[in-house]
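Asks: Quick check, what structure comes out for this input:
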Amino acid sequence: MREPNLTAIFSSEHLKLKKTKRYSLLFSVTLAAPVLAYLIGGVLIFLPFTLYWWEALFLFLLGGLLFLGDVKREKSAGDFQNIESTEVKKQIYFAKVALNFRTLFGASFILFGAIYLVTLLYGGLLQAESLRLIVVILALLVTSLWNIFFIYYLSNWLNASLVVVINSLLCLFIAPLVAQTKLWLLFPYTYHYKVVEALIGLKPNGVQSPDFLNVDWGMFGSSVGSALLSAVLFFWLLGRRSDVQNSKK
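Replies: Numbering: from 1, shown residues only. Now for the predicted structure:
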């Protein structure tokens, strides 16, 4: 059997994204974080509040909505590389996750641009170190990669909409509580909270530590390392699930 052409799979998946509302979703969900932070907290706590709402809700919500849109497109794809009618599920899942991650990467820089614009407008009241801010936003992205694999894996048993709801609620309500305990390393939903705490002292409950200038490199390394290991684990599980389903055909 000839090996599948990964480039062709990426092209096919990218083609499915045309004529979708992906970009309007990208901008609306991403910009909701700074808008909400500004409306609730004003200028003085705009930066930590924006990062808090991004990590607590909108980052995982956007990832979930991208996943949900993909599931709906699969249902209407017919025989055009429908993931349920092919033996290269593993490669297709990889392409889907990569494209969703690329979109979240774009969202990260939209978020940075929005924060930077506000700092320019309120330069006397609000300051942000650009390089450090970029590192924080990218660290958030890296430590959330596992979740894209996870929700695709979980959707093998649960309804896609239910997966998105559960995923968002776990991130918003449960993860901040666990992140403040010694058990946080056992719960992947805490990793992006802890990496922000390590870099800028923003605790999982949204409170800024007075010692925010000092980076906790131990916590940073543990968060990023655990998140990457989780991403590898869920990618492997997703691949195994695909192999099992293919073997039953």
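Asks: I figured Ala95 hits Ile9, correct?
Replies: Yes. The pair Ala95 / Ile9 is scored as a contact, 4.9 Å apart, by C-beta atoms under 8 Å. C-beta: built from backbone N, CA, C; applies to glycine.
Asks: for the chain, which helix is longest?
Replies: Longest helix in the chain by number of residues (criterion: DSSP state H): helix 89-121.
Asks: who does it touch, helix- and strand-wise?
Replies: Under the contact definition 3 or more C-beta pairs under 8 Å, 6 or more residues apart in numbering; DSSP states H and E, helix 89-121 sits against helix 6-16, helix 22-41, helix 46-53, helix 59-75, helix 130-142, helix 145-154, helix 217-247.
Asks: In terms of mean pLDDT, which of the ones you listed ranks lowest?
Replies: Lowest mean pLDDT within the helices and strands packed on helix 89-121: helix 6-16, a mean of 84.
Asks: Could you check the angle that one makes with helix 89-121?
Replies: Computed by axes from the mean of the first three to the mean of the last three C-alpha atoms, to 10 degrees, the angle separating helix 6-16 from helix 89-121 equals 60 degrees.
Asks: Tell me the buried residues in helix 6-16?
Replies: Judged by neighbour count using 16 or more other C-beta atoms under 10 Å, the buried positions of helix 6-16 are 9-10, 13, 16.
Asks: now the residues you listed as CSV including distance to Leu133?
Replies: What follows is these, written out as CSV (distance: C-beta to C-beta, whole Å):
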residue, distance to Leu133
Ile9, 35
Phe10, 31
Glu13, 31
Lys16, 33
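Asks: ok, so of those residues, who is nearest Asn156?
Replies: Using C-beta to C-beta, Glu13 comes nearest to Asn156 of the buried residues of helix 6-16, at 18.6 Å.
Asks: follow-up on the earlier one: just give me the closest of the buried residues of helix 6-16 to Ser242.
Replies: Ile9 (13.1 Å).
Asks: on that earlier part again, can you mark which positions in the longest helix of the chain are buried?
Replies: 89-97, 99-101, 103-104, 107-108, 110-112, 114-115, 118-119.
Asks: swap in stretch 143-162?
Replies: Residues 143-155, 160 are the ones in stretch 143-162 that count as buried (16+ other C-beta under 10 Å).
Asks: Please identify the one among these that lies nearest to Ala128.
Replies: Looking across the buried residues of stretch 143-162 and measuring by C-beta to C-beta, the closest to Ala128 is Thr143, at 20.4 Å.
Asks: Gly221 is in contact with the closest one, correct?
Replies: No. Under the criterion of C-beta under 8 Å, Thr143 makes no contact with Gly221, lying 11.6 Å away.
Asks: tell me the contacts of the spatially closest residue to Ser144 that is not a sequence neighbour?
Replies: In space, not counting the residues next to it along the chain, Ser144 is nearest to His192; the distance is 5.2 Å by C-beta to C-beta, 6 or more residues apart in numbering. Residues in contact with His192 (C-beta atoms under 8 Å, 6 or more residues apart in numbering) are 55, 59, 139-140, 143-144, 223, 227.
Asks: can you do 6 Å?
Replies: Listed by C-beta atoms under 6 Å, 6 or more residues apart in numbering, the contact set of His192 reads 55, 140, 143-144.
Asks: Can I get whichever strand or helix holds it in CSV, CA atoms only?
Replies: Using DSSP states H and E, His192 sits in helix 191-200. The C-alpha trace of helix 191-200 is given here as CSV (Å, rounded to 0.1, in the frame of the first residue of the first chain):
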residue,chain,number,x,y,z
TYR,A,191,0.0,23.9,32.6
HIS,A,192,-0.8,27.2,30.8
TYR,A,193,-1.8,28.8,34.1
LYS,A,194,1.4,27.8,35.7
VAL,A,195,3.6,29.0,32.9
VAL,A,196,2.1,32.5,33.1
GLU,A,197,2.6,32.4,36.9
ALA,A,198,6.2,31.4,36.3
LEU,A,199,6.9,34.2,33.8
ILE,A,200,5.0,37.2,35.2
